[in-house]
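K.L.:
sequence unknown, structure follows:
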């Protein structure tokens, strides 16, 4: 009976933090995907923006973060 009590105590102490961490990682992952898309769109806008005196920015001169 002592082993069962220590096992349930271990699951209660370790299982809950693991579940919370997994939940938060899943939530953050979707936000990271959205931020990645926003950064890619911003890069395209910057490349299309005319640079004073130089015409348009060349996309291959700006390092691609992918």
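P.N.:
Thanks, I have it. Note that the structure is a prediction, hence the values are computed from the model and not measured.

K.L.:
where do the helices of this protein begin and end?
P.N.:
Applying DSSP state H to the chain gives helices spanning 2-10, 16-48.

K.L.:
list the buried residues for the shortest one?
P.N.:
Read it as helix 2-10. Of the residues in helix 2-10, none is buried by neighbour count under the rule 16 or more other CB atoms under 10 Å. (C-beta placed from N, C-alpha, C; glycine too.)

K.L.:
re the thing from before, let me have the helices of the chain in a markdown table, extended by mean pLDDT.
P.N.:
Below are the helices of the chain laid out as a markdown table (pLDDT from 0 to 100):
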| stretch | mean pLDDT |
| --- | --- |
| helix 2-10 | 77 |
| helix 16-48 | 90 |
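
K.L.:
distance of residue 34 relative to residue 27?
P.N.:
Note on residue 34: its distance to residue 27, by CB to CB, to the nearest Å, is 12 Å.

K.L.:
can you report how many residues lie near residue 47?
P.N.:
Number of residues near residue 47 (other CB atoms under 10 Å) recorded here: 15.

K.L.:
stretch 24-35: how far from the chain's middle?
P.N.:
5 Å (CA atoms, centre = their mean, to the nearest Å).

K.L.:
again, but for stretch 10-27
P.N.:
19 Å.

K.L.:
pull the residues that contact that stretch.
P.N.:
Applying CB atoms under 8 Å, 6 or more residues apart in numbering, stretch 10-27 has no contact partners.

K.L.:
in that stretch, what's buried?
P.N.:
Under 16+ other CB under 10 Å, stretch 10-27 has no buried positions.

K.L.:
could you do stretch 26-44 as well?
P.N.:
Applying 16+ other CB under 10 Å to stretch 26-44 flags residue 43 as buried.

K.L.:
that stretch: how far from the chain's middle?
P.N.:
Worked out by CA atoms, centre = their mean, stretch 26-44 lies 7 Å from the chain centre.

K.L.:
would you point out which residue is most central in the chain?
P.N.:
In the chain, the residue lying closest to the centroid (CA atoms, centre = their mean) is residue 32, at 2.9 Å.
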